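Student: I would like to see how this sequence folds:
(chains A and B)
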Amino acid sequence: MHRSEKVWLTLSFGMIMLFMLATGYQSFALEMGPPSNMETIDPQKVDQTAPFDNPGVKQIGDKEYEVVMTLQLFSFNPGKLEFPAGSTVHFTLTSKDVVHGFQVANTNLNAMIMPGHIQKITQKFDEPGEYLVLCNEYCGAGHQMMATTITVK
Amino acid sequence: MATVPHSLNDKSVTRSFKEKTVKMLGVNPQDAKFTKTYMFVAFAALLLGGLLGLLQGLNRAGFMELPAQLYYQVLTAHGVLLVVVFSGFFTIGYFYAAMSHTLGGLIPKVRKLAWTGFALKIAGFVLAVIPILMNQASVMYTMYPPMAASPVYYIGMALIVVGIWMCAFGCFVQVANWRKQNPGKHVPILSFFATGAFVLMFFGSLPVAIEVLVLILPWSLGWVDTINVMLSRTLFWAFGHTYVNIWYLTATSAWYVVVPKLIGGRRWNDTLTRVVVIALVIMNITGGFHHQIIDPAITEPIKFMHVFMSLAIGFPSLMTAYALFAVFERTTRRQGGKGLLGWYKKMPWGDVRFLAPMIAMIGFIPAGAGGIVQSTNQLDQVVHNTLWITGHFHLTLGISVALTFFGISYWLIPHVSKRVLTPQMNKFGVVQTILWTVGMVIMAGAMHTVGLFGSPRRTAFTTYFDNATALSWNPYMTLIGIGAILLVVAVAMQVYAAFNLMFFAPKGEEEFPVAEAEVGDVTPYWTERWGVWVVLLIIVVAMAYVVPVTDMIVNAPPGSPPFKTW
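Tutor: Numbers count the residues shown, from 1 in each chain, chains lettered A, B, ... in the order given. Sure, this is the predicted structure:
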């Protein structure tokens, strides 16, 4: 093996390890890991199961909100949300039918919403404006209409 | 024919007896027919898939209205035709030609197995396409339950898998037979690549076979009421990611073995080449999990382990990057190339057989880097299911794999058709390659950018009720449409070239370019221990899957009934 190849492969190995360290640090020290909630639910009884029997927005602290939301063909319930700037919002989500995606453009909110599983994700909204909420997993003929907004004032 | 410089060391190449016979008798006509048939199907699929791609591009650019339902039907067919049929048939046709060429012709039993595989795959494909056309299967090739297509679609998919197994067994029988007759010898390098690819095809399709036969079919036929959504999806990705990596491994074989011959050089270190193949085979299947980084029901430590397992595949690719550019520099310096970068001028840029795979290799630099980005937790969360991902696989598959396959087709099709690549056709190919590259760069570039802004993949034209954010994506959508138009012209040219070289080009002998190893390059025999590699593959898969899959089965929620949502 050439010296230059040894250098190259050492750098390659080091780069991958650095990537891993950075990812691990962010995930476990800074708690920036991807949404990975483990709770389950009967997908055919979402409407009768707490907390999804009462979807909506609840204020739980100063500028802190909890949103319980169901995704179904082809809508978000509740939709058209509003929060004051600087709010931290905790989303609790599940699907009533097929697999959907919960994505809010221009934020890091992005999670797969699976029937039978409860997903959780949190975001702090600092910048005022209207945020586009959309489904990013193909879910059927009306998939391109499945959207709502979050307004931050 | 563009002039191809010959190696200065050609004198020292000792040609084996077998190679001389192959040269005298030419390609075995029965094996040639097999590869020709596969190429015919592959390029017919490219034409159809390309035309459907154009419709999607025009729709997303807002140039053409397409009812949403039809858009998803077209999208499903586009994916099946290009990811499954074009790549799959090309890979198998190419590797069977390589085995016939380097192992002294296929043995009759293998030919029979491979033709059985062909029949099963065609039957499966017809069965899968009928429900797509009848709007009974707009579930994409990923077929995530609980969206449920007609059972016929899944039966078709299962037949395709069994057909692939037949071709894999054919390869194993052929290679085992050769090894028995050549004890202690290394399997020729292209057949070594073929062995690796077929081992992956076999093991990579086991999870999807379980998904379809055990979970989906009984459920879509109504024998059971509900399905485990998470488990199905996980089994799918163990297959899906492995397969795109097989197409990449196929392209890599041409980079290591064919391209050095075309520039008049010799291969990279034989041992390291084989180590790259072995590493890609052992570590590949577990890469599938990174498609599920933002799924529920998988714990963060498991996801972290999978980030590691996905990134590990990057290492052999980085070895490849070094090896290929080292071969280019070494070869052109021997031919008088000077300076730090001056050597690149010595390469046969006007030879389409070289140009296309060369662009493919260069394209793999950004494509691989993008892959590393999106396999990592937080970065995936930014781009998951956006058009970034679509842009990524149009770089990896559309540039790195497809351009390599196109480059191969300019010599492989005339080789098996006993025709020649004329200088005119070579020029035509150069133009086609450039057009394809420009189209793909525009389209994939726009997709990556607008994906970062949040525009979702697999979505028909929409402005989300004239939402300002969605409207700001429109300029990029226009670029996607323009890229798609250039691409469809390049597709038409490529398909014309393939069929011309198959049926109408002047008669003659076209070379099957296989570069020799460097003089004195000795490989230890341990590289041939496929039994060990398969055991290691199984251990790695077990490490990756046993814990999360057990969790998905034992702690599963009540299942989901089927839905038809289109």
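
Student: please count neighbours and contacts with C-alpha atoms only from this point.
Tutor: Noted.

Student: what helices or strands is the helix or strand bottoming out on mean pLDDT in chain A leaning on?
Tutor: Within chain A, no helix or strand scores below helix A:3-24, which has a mean of 91 by mean pLDDT, DSSP states H and E. Applying 3 or more CA pairs under 8 Å, 6 or more residues apart in numbering or on different chains; DSSP states H and E, one finds that helix A:3-24 contacts helix B:300-312, helix B:314-334.

Student: tabulate the ones you listed (TSV), appending distance to B:Met283, mean neighbour count and mean pLDDT.
Tutor: Listed next are the helices and strands packed on helix A:3-24 as TSV, based on distance: least, CA to CA, whole Å; neighbours: other CA atoms under 10 Å in any protein chain shown; pLDDT from 0 to 100:
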stretch	distance to B:Met283	mean neighbour count	mean pLDDT
helix B:300-312	7	21	92
helix B:314-334	10	19	92
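
Student: output those helices as CSV; include the columns distance to chain A.
Tutor: Formatted as CSV, the helices and strands packed on helix A:3-24 follow (distance: least, CA to the nearest CA, whole Å):
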stretch, distance to chain A
helix B:300-312, 6
helix B:314-334, 7
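
Student: which one of these lies closest to B:Tyr153?
Tutor: helix B:300-312 (30.5 Å; CA to CA).

Student: wait, a strand at A:Thr94?
Tutor: Yes - assessed with DSSP: H, G, I helix; E, B strand; the rest coil, A:Thr94 lies in a strand.

Student: identify the residues contacting it.
Tutor: Residues near A:Thr94 by CA atoms under 8 Å, 6 or more residues apart in numbering or on different chains: A:69-71, A:113-119.

Student: farthest pair in those residues?
Tutor: Across those, no pair lies farther apart than A:Met69 and A:Gly116, at 14.1 Å, counting by CA to CA.

Student: for these two, indicate the residue with more neighbours.
Tutor: A:Gly116 (30 against 21; other CA atoms under 10 Å in any protein chain shown).

Student: which residues in chain A form strands?
Tutor: Using DSSP state E, the strands of chain A run over A:56-61, A:64-72, A:75-77, A:81-83, A:87-95, A:100-104, A:110-113, A:119-125, A:129-134, A:147-152.

Student: what about the last one, average pLDDT?
Tutor: Yep, that's strand A:147-152 we're talking about. In this model, strand A:147-152 has an average pLDDT of 97.

Student: now the second one
Tutor: Strand A:64-72 shows a mean pLDDT of 97 in the predicted model.

Student: now swap in the third one and tell me
Tutor: Mean per-residue pLDDT for strand A:75-77: 96.

Student: that one - contacts with which helices or strands?
Tutor: Applying 3+ CA pairs under 8 Å, 6+ apart, we find strand A:75-77 packed against strand A:64-72, strand A:147-152.

Student: can you do 7 Å?
Tutor: strand A:64-72 (3 or more CA pairs under 7 Å, 6 or more residues apart in numbering or on different chains; DSSP states H and E).

Student: what do you get for the first one?
Tutor: Judged by 3+ CA pairs under 7 Å, 6+ apart, strand A:56-61 is in contact with strand A:64-72.

Student: parallel or antiparallel, list what pairs with the strand it packs on.
Tutor: Take DSSP bridges as the rule and strand A:64-72 pairs in its sheet with strand A:56-61 (antiparallel), strand A:75-77 (antiparallel), strand A:87-95 (parallel).

Student: just for the stretch 451-566 of chain B, where's the confidence low?
Tutor: For the stretch 451-566 of chain B, applying pLDDT under 70 flags no range at all.

Student: just want the most central residue of chain B.
Tutor: Of all residues in chain B, the one closest to the mean position by CA atoms, centre = their mean is B:Trp247, 2.1 Å from it.

Student: pretty sure that residue belongs to a helix, no?
Tutor: Yes - with three-state DSSP as the criterion, B:Trp247 is part of a helix.

Student: need the residues of the stretch 201-350 of chain B near chain A, please.
Tutor: Applying CA under 7 Å from any CA of the partner chain, one finds that the stretch 201-350 of chain B approaches chain A through B:293-300, B:308, B:311, B:315, B:318-319.

Student: and if you look at the stretch 51-200 of chain B?
Tutor: B:68-69, B:146-147.
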